[in-house]
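K.L.:
Below: sequence and its predicted model.
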Amino acid sequence: MNTPAYIGRFAPTPSGYLHFGSLVAALASYLDARAAGGRWLLRMEDLDPPREVAGAQQAILATLENYGLHWDGELVRQSERHDQYAAVLDGLLASGMAYACTCSRKRLEGYQGIYPGFCREAGQARENAAIRLRVPERRYGFDDRVQGHYDQDLGREVSDFVVQRRDGLYAYQLAVVIDDAWQGVTDVVRGADLLDSTPRQLYLQELLGVAQPRYLHVPLIIQPDGHKLGKSYRSPPLPADQATPLLIRALRALGQPLPEDAAYGQPDELLLWASRHWNADLIPRTRTLAEAQLR
Ligand code: GLU
Ligand code: ZN
């Protein structure tokens with residue numbers, strides 16, 4: 001089989017609508033894939049039904065369509081991949097790389113999110129327990145295409161992290177690694193809010209024996225009031241009739257050139273032009289970008 005040299009993806013979480021910051025990340029991922037002649041996949045990260053906003057999945061798809069961000073192949077939903085996640089977890093438990101943890105939230109108070117390891121050697125039963133991954137005292141790092149070198153001491157800065165919650169929900173860190181590998185993703189382009197998740201993902205890739213993709217983390221867009229445009233920040237859907245101006249704004253945020261003529265036309269034309277002129281080296285090398293500075 002002939003494997004394409006570039007496979008990118010956009011992986012929204014339907015706990016809200018796409019906001020301007022997600023548009024910037026989606027656009028960067030799309031253009032990087034198109035400029036490379038690669039494929040661009042779409043994966044709905046619907047792992048957490050209680051936090052899902054009704055109608056968000058449909059709204060996200062509609063926005064991508066309206067903004068000309070057409071994906072290749074079938075949409076993948078993580079809610080349909082639980083069997084795969086369960087099989088990987090079984091393997092990690094069997095090899096002793098993961099273990100059951102019955103610590104209550106109260107018991108973990110005062111440790112600043114660093115797990116003190118109470119259940120590491122306790123041999124707890126899996127029933128009604130969270131599953132944690134045993135993490136080594138080692139630095140995991142990588143060279144980001146925009147952010148430069150980034151690393152973390154997983155043992156000290158992260159500690160044994162949860163891959164399945166006590167209520168059965170699979171953790172983002174686990175699912176994202178399994179699915180990026182399964183979909184053959186070569187290039188992850190996403191927001192810089194996920195920079196500090198990447199070392200955990202590198203460790204999981206090593207454990208599972210899968211290839212490490214290249215990474216490009218685009219600056220996170222910050223609201224005038226200092227709010228991060230994050231998952232918890234409720235914003236309305238991006239307006240369908242503002243696709244071209246908002247794409248232009250997103251291109252500006254990414255430091256990209258813009259076509260000369262004032263009439264930029266339809267999103268499809270603009271995106272074709274932008275993919276021909278895409279230069280990832282022009283993306284601002286910062287973690288955050290104030291929306292106010294974009295005009
Ligand atoms: N679903 C994650 C989010 O919306 C993104 C996952 C990723 O790109 O790795 O924040
Ligand atoms: Zn525990």
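P.N.:
Received, thanks. Ligands and ions are numbered 1, 2, ... in the order given.

K.L.:
May I have the top helix by length along the chain as CSV, with CA atoms only?
P.N.:
Secondary structure of the chain per DSSP state H: the longest helix is helix 20-35. The C-alpha atoms that make up helix 20-35 are tabulated as CSV, following Å, rounded to 0.1, in the frame of the first residue of the first chain:
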residue,chain,number,x,y,z
PHE,A,20,-12.0,32.0,16.9
GLY,A,21,-9.1,30.2,18.6
SER,A,22,-10.3,26.8,17.4
LEU,A,23,-10.7,28.3,13.9
VAL,A,24,-7.1,29.4,14.0
ALA,A,25,-5.9,25.9,15.0
ALA,A,26,-8.2,24.2,12.5
LEU,A,27,-7.1,26.5,9.7
ALA,A,28,-3.4,25.9,10.5
SER,A,29,-3.9,22.2,10.5
TYR,A,30,-5.9,22.3,7.2
LEU,A,31,-3.4,24.5,5.4
ASP,A,32,-0.4,22.6,6.6
ALA,A,33,-2.0,19.4,5.2
ARG,A,34,-3.1,20.9,1.9
ALA,A,35,0.2,22.7,1.3
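
K.L.:
quick one: average pLDDT of the helix or strand just after that helix?
P.N.:
Scanning forward in sequence from helix 20-35 by DSSP states H and E, the next helix or strand is strand 39-44. Confidence for strand 39-44, expressed as mean pLDDT, is 98.

K.L.:
contacting residues for His217?
P.N.:
The neighbourhood of His217, defined by Cβ atoms under 8 Å, 6 or more residues apart in numbering, consists of Asp144, Val146, Gln147, Val189, Arg190, Gly191, Ala192, Leu194, Leu195, Thr198. Heads up, the C-betas are built off the backbone N, CA and C, glycines and all.

K.L.:
That one - nearest residue in space that isn't next to it in sequence?
P.N.:
If the residues on either side of it in the chain are set aside, His217 comes closest to Ala192, at 4.3 Å by Cβ to Cβ, 6 or more residues apart in numbering.

K.L.:
circling back to that earlier point, among the contacts of His217, which are in helices?
P.N.:
With helices taken from DSSP H, the overlap with these comprises Thr198.

K.L.:
got the contact list for the helix or strand harbouring Leu64?
P.N.:
Using DSSP H and E, the element containing Leu64 is helix 56-66. Residues lying outside helix 56-66 but in contact with it, judged by Cβ under 8 Å, 6+ apart, are 10, 12, 14-18, 23, 26, 42, 44, 46, 70-71, 75, 237-238, 240, 243, 267.

K.L.:
Please determine whether it lies in contact with ligand 1.
P.N.:
No - contact check for helix 56-66 against ligand 1, using Cβ under 6 Å from any ligand atom: none in range, with a minimum separation of 9.9 Å.

K.L.:
Check which residues of that helix are buried.
P.N.:
In terms of neighbour count (16 or more other Cβ atoms under 10 Å), helix 56-66 has its buried residues at Ala56, Gln57, Ala59, Ile60, Leu61, Ala62, Thr63, Leu64, Asn66.

K.L.:
The third one and Leu169, how far apart?
P.N.:
It stands for Ala59. For Ala59, the distance to Leu169 (Cβ to Cβ, to the nearest Å) stands at 23 Å.

K.L.:
Please apply the same query to the first one.
P.N.:
Between Ala56 and Leu169 the distance is 17 Å, computed by Cβ to Cβ.
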